[in-house]
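1. The sequence and its predicted three-dimensional model are supplied below.
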Amino acid sequence: MSLAAPTVTSIGLIYCPPDGIWYSTLSNSTINGTCYKGTVTASRLCKSNGEWDEIVCHTNRQFNNILNISNMSFTTAIQALLNITATDDDGGITTEQKVILFDTIINNNENQSLEGLEERTELLLALENNIKQELINEDEDTRQSGYGQILLSMDKYALSINRNYTKTSDNISVPALYMIIMIPIGLLVGTEDHVNYLLYANNELIACWLDYESGFIWSFIIPVIIILLINIGFFAMAIIIMKKHRKNRISNENSLKDDAKYWIKSSISLTIVMGIGWIGNVFFFSEELLFIAYIMTVFISAQGIIIFILYVPLSNNVRKVMWRWCKNNLPRSLMNKLIKDKKATEVLTIIIII
């Protein structure tokens, strides 16, 4: 029911109020619209009292079947969606609708146990690849929207795995694990003497840090090493998964040059996101190695810029959008010159983005 009150005209006609995509409508009238993010036609009745009835989505039998299954079985729903084709009896399901169902299945199964996780993930990745292959044949707007939704859905799936893993790990949270690491170190090098973490020169406080001579610095370095080793493991797993699915891409996309660019970009991105770049700080364990601290400070502070460069100026999709903008907004004479000079085109695109 809409929160807004019905509208009554001076001659006694009753109208349902606007509600999202549903515009103001005369009572006892039905209007048409869409549901499931515009992928399915729908209708809605304005009742005699000026209140909206429920939205009726005109989905086919297969769509409704998968929706119902998704509330009961993650694996069965994924398999059913994988087996659907456009040549089925009732018209099949469009690629856009598959993207919606893909997201719905993940949303309806956020509390899955870790049992059977590998099988579920393999099925989900197979469906993801299947939908991406279908999106290749869609128009650019549909393709970009579909890829974006799939990315968000997979992110939700990964977060749900992490959340469920935390619940089933005997309630040992990250802070608790950190304390398990820190307590033995604290007992070994623990002291109440402030000289272990405050540096003075001529009775003036110079810096607050962990002392090298007493070994107190290891209370920082050891946890960092453990976290980095875990992240390196995840990094290796991510590369293996990416390599596996890269092989499934269509052959004309797999030129040697494109493959090299793909792996370089992916490796740098994952290195930054997983914090592996912090590994240099582990080697800064004495004052003689101060130069490492300066190098790593510059590198880590530039990570945001590196990610921006990788995913904005160097992104083919972004450059295509900016090129369309240039064609629509720049004088034709200038565009003709740019078409002849490829380097000038790339420089102009980067300048506009920045």
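-> Perfect, I can see it now. Numbers count the residues shown, from 1 in each chain.
2. how much space between K327 and S315?
-> 18 Å (Cβ to Cβ, to the nearest Å). Heads up, the C-betas are built off the backbone N, CA and C, glycines and all.
3. More neighbours: those two, which one.
-> Taking other Cβ atoms under 10 Å, K327 and S315 do not tie; S315 has more neighbours (15 against 12).
4. Give me the buried positions along the helix or strand A236 falls within.
-> For A236, the host element (DSSP states H and E) is helix 218-246. In terms of neighbour count (16 or more other Cβ atoms under 10 Å), helix 218-246 has its buried residues at 218-221, 227-228, 231, 235, 238.
5. Assign a three-state SS to I93, would you?
-> coil (DSSP: H, G, I helix; E, B strand; the rest coil).
6. Which of the three states applies to the spatially closest residue to it that is not a sequence neighbour?
-> Spatially, and ignoring its direct neighbours in sequence, I93 is nearest to I84 (5.3 Å; Cβ to Cβ, 6 or more residues apart in numbering). Of the three states, I84 takes coil according to three-state DSSP.
7. low-confidence ranges in the chain?
-> 1-4, 8, 10, 85-92, 162-217, 242-277, 281, 284-287, 334-354 (pLDDT under 70).
8. which stretches of it form strands?
-> Using DSSP state E, the strands of the chain run over 7-8, 14-16, 25-26, 29-35, 40-46, 56-57, 198-201, 204-208.
9. And the third one, what does it pack against?
-> Spelled out, that is strand 25-26. Applying 3 or more Cβ pairs under 8 Å, 6 or more residues apart in numbering; DSSP states H and E, we find strand 25-26 packed against strand 14-16.
10. Give the pairing partners of the strand it packs on; include direction for each.
-> strand 7-8 (antiparallel), strand 25-26 (antiparallel) (DSSP bridges).
11. Which residues belonging to stretch 291-304 are considered buried?
-> 292, 296.
12. and what of stretch 95-108?
-> So for stretch 95-108, counting by 16+ other Cβ under 10 Å, buried means 95-106, 108.
13. which of the residues you listed lies closest to G280?
-> The shortest approach to G280 among these belongs to I106, at 37.3 Å (Cβ to Cβ).
14. circling back: just the buried residues of stretch 95-108 now: which is nearest I131?
-> K98 (5.2 Å).
15. Chain neighbours aside, what residue packs nearest to that closest one?
-> In space, K98 is closest to I131, 5.2 Å off (Cβ to Cβ, 6+ apart).
16. Tell me how far the one you found lies from I55.
-> 25 Å.
17. Compare those two (neighbour count), which wins?
-> I131 (21 against 16).
18. Hmm, the more buried one is touching L101, no?
-> No - at 9.5 Å, I131 and L101 do not qualify as touching, with contact defined as Cβ atoms under 8 Å.
19. Let me see the domain layout of this structure.
-> 7-57, 61-167, 188-311 (automatic domain parsing).
20. Tell me which residues touch L289, please.
-> Residues in contact with L289 (Cβ atoms under 8 Å, 6 or more residues apart in numbering) are F283.
21. if I look at it, how far off is I295?
-> L289 is 10 Å from I295, by Cβ to Cβ.
22. got it, and L127?
-> 44 Å.
23. coming back round to it: turn the buried residues of stretch 95-108 into JSON lines, columns for distance to I136.
-> Converted to JSON lines, the buried residues of stretch 95-108 look like this (distance: Cβ to Cβ, whole Å):
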{"residue": "T95", "distance to I136": "10"}
{"residue": "E96", "distance to I136": "14"}
{"residue": "Q97", "distance to I136": "17"}
{"residue": "K98", "distance to I136": "13"}
{"residue": "V99", "distance to I136": "13"}
{"residue": "I100", "distance to I136": "18"}
{"residue": "L101", "distance to I136": "19"}
{"residue": "F102", "distance to I136": "16"}
{"residue": "D103", "distance to I136": "19"}
{"residue": "T104", "distance to I136": "23"}
{"residue": "I105", "distance to I136": "22"}
{"residue": "I106", "distance to I136": "22"}
{"residue": "N108", "distance to I136": "27"}
